[in-house]
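1. Following is a predicted model, sequence given first.
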Amino acid sequence: MADAPTGSPSSTALAPLVMPVRPELSPEALKSVGSAFGRTRLRTLVSLRWMAIVGQTLAIVLVEFALGFRLPLAACFAAIGASAWLNVTLMAVFPAQHLCSPAETAGQLAFDIVQLSVLIGLTGGLQNPFLLMILAPVTVGSSRLLPAFAGLLSLLALVCCAAMSIWGLPLPWTNGQTLHLPMLYQAGQLAAVAVGLVFFAVSSWRTGRDEARLVSALDAVQAVLSREQQLSALGALAAATAHELGTPLATIHLAAKELARAVKTDNPAREDVDLIIEQAERCRAILKQISQRRQATDAAMARTPLPSLVEEAAEPHMGSGIHVSCVCSPLTDAGDPAAEAQDDRAPIVSRKPEIIHALGAFIENAVSFATKEVSINARWSQDEVRIYITDDGPGFAPTVLAKLGEPYFSERTIEQRGGGLGLGFFIACTLLERTGARVTPYNRQAPAKGAVVRIVWPRRAIEAPPGWGET
């Protein structure tokens, strides 16, 4: 791929169009993606509360009229009506798609805890077998809110349970009798609920946190891919523009030449005519260079040999002070000459932005840990294509290998990452998996040192169909 000579008139004009730099997202941009996660839609909370209202109403009606247990119906339906009133008010004030802030979500769940505690207290308190339902709002809050809010909700639930042991009404029983359960049993109920609150709160918080990190990381993957595709589209647009401008520019150049023949040398307008010819020739040179680089910029439709793809991904790191070498060869069975002859030519692969970005990220990581050398070895056979990225650094630590590919995880400190968030390896793996690849990191076998990232595609997944992308 020929570059414009340094200092040539067209080199500055070509810089923003022909050689776009791989986009990098700042830590601030990555932190902003997925920011809506953790905020709960009002419709979700309202729907859950309507379900609870229906369930509570059916339970009260069943116990009172089917089982014949006497309940304080007025007080019970007042507690249920308070929940219904809250739902109606929220639906009237806010749109259904309203995203509740953490404080709003915590406030609504706190109301649900108090309302449910009042209803359980009216129907037996700690003796009521439905006491475990108080775990529900705490679990929901722990999965969506910060630990501080989750802790406050758990504490409120424990306080409500303790209050039931003091003012809770007796458990209704048949024929108007009162069932008295031992205090030791009630204390056991309270202990069981307390343990359940802690366990479910911690479990829900951990799973919710992992989901939030994954959602944010996947949003970052999409943002990186979108930036790559935008730059690729810009390159294709530049090449198409160069093609379309060729004809009118040639007409201008031809007309200027004819005008130069008609204007004498001593004519005052001759200097302007010569300037038009000079600038037209300069424009033609610029458009010619853009057209010659169309294959390198049209990432959406390009077909490129596998070695060219590897070299393009490695090119930005060639001058880093670490020797970066690219080796491409067929992966064949020594006992099968026919297979060796058939696979001798490198496959023509589709030049996708996600592949270029991911390979560049792995190579950059290898260069940052290498001592002297990084090698990129591309191999292919009839069935698959493999790329090995190997460095001569210290290799992956045993504790690191098990977590590689997880979002927000890195061997380096924040200072070593340049303020990054530990998303590079995760983004690269995710992008390659979307193209059908399997990514396997491992260490070289002793006595050799260094880390290896092996990327394997089924050949049909990466190979460009015949004629695809050709113009």
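-> Here it is on my side, so go on.
2. all contacts plus neighbour counts: C-alpha atoms, from now on.
-> OK.
3. Next, the contact list for the nearest residue to I348 once chain neighbours are set aside, please.
-> Leaving aside its sequence neighbours, I348 sits nearest to P305 (C-alpha to C-alpha, 6 or more residues apart in numbering; 4.3 Å). Applying C-alpha atoms under 8 Å, 6 or more residues apart in numbering, we find P305 in contact with A346, P347, I348, V349.
4. between those residues, which is nearest R444?
-> Closest approach to R444 among those (C-alpha to C-alpha): A346, at 26.1 Å.
5. So the closest one: helix, strand or coil?
-> coil (DSSP: H, G, I helix; E, B strand; the rest coil).
6. Just read off the phi/psi values of it.
-> With angles defined as degrees, to the nearest 10, A346 sits at phi -70, psi 140.
7. coming back round to it: just the buried ones from the contacts of P305, in PyMOL syntax?
-> Listed next is the PyMOL selection for buried residues among the contacts of P305, using 16 or more other C-alpha atoms under 10 Å:
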select buried, resi 346+347+348+349
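8. Pick out whichever of the contacts of P305 sits closest to G55.
-> Distance to G55, by C-alpha to C-alpha, is smallest for V349 among those, at 58.6 Å.
9. next one: phi and psi at the closest one?
-> Backbone torsions of V349, given as degrees, to the nearest 10, read phi -110, psi 160.
10. In this structure it contacts A461, no?
-> No - assessed by C-alpha atoms under 8 Å, V349 is found out of contact with A461, at 9.1 Å.
11. What count of nearby residues applies to P95?
-> Neighbours of P95 under the rule other C-alpha atoms under 10 Å: 12.
12. wait, what's in contact with it?
-> Contacts of P95 (C-alpha under 8 Å, 6+ apart): L42.
13. helix/strand/coil for it?
-> What three-state DSSP gives for P95 is coil.
14. before we move on, what about T390?
-> strand.
15. Please apply the same query to R70.
-> coil.
16. Tell me the pLDDT of it.
-> If you check R70, the pLDDT there is 83.
17. pretty sure it contacts I60?
-> No - with contact defined as C-alpha under 8 Å, R70 and I60 do not form a contacting pair (10.0 Å).
18. And what about C328, helix, strand or coil?
-> With three-state DSSP as the basis, C328 sits in strand.
19. Walking through the chain, point out its strands one by one.
-> 40-41, 99-100, 171-172, 178-179, 303-305, 323-330, 348-350, 373-380, 384-391, 438-443, 451-458 (DSSP state E).
20. can you list these in JSON lines and add mean pLDDT?
-> Below are the strands of the chain laid out as JSON lines (pLDDT from 0 to 100):
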{"stretch": "strand 40-41", "mean pLDDT": "81"}
{"stretch": "strand 99-100", "mean pLDDT": "84"}
{"stretch": "strand 171-172", "mean pLDDT": "76"}
{"stretch": "strand 178-179", "mean pLDDT": "68"}
{"stretch": "strand 303-305", "mean pLDDT": "83"}
{"stretch": "strand 323-330", "mean pLDDT": "90"}
{"stretch": "strand 348-350", "mean pLDDT": "87"}
{"stretch": "strand 373-380", "mean pLDDT": "92"}
{"stretch": "strand 384-391", "mean pLDDT": "94"}
{"stretch": "strand 438-443", "mean pLDDT": "90"}
{"stretch": "strand 451-458", "mean pLDDT": "93"}
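21. Can I get these in a markdown table including distance to L153?
-> Output for the strands of the chain, formatted as a markdown table (distance: least, C-alpha to C-alpha, whole Å):
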| stretch | distance to L153 |
| --- | --- |
| strand 40-41 | 16 |
| strand 99-100 | 17 |
| strand 171-172 | 26 |
| strand 178-179 | 31 |
| strand 303-305 | 58 |
| strand 323-330 | 56 |
| strand 348-350 | 53 |
| strand 373-380 | 53 |
| strand 384-391 | 50 |
| strand 438-443 | 42 |
| strand 451-458 | 46 |
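22. can you tell me which of these comes nearest to V202?
-> For the strands of the chain, proximity to V202 was assessed by C-alpha to C-alpha; strand 40-41 is nearest, at 19.0 Å.
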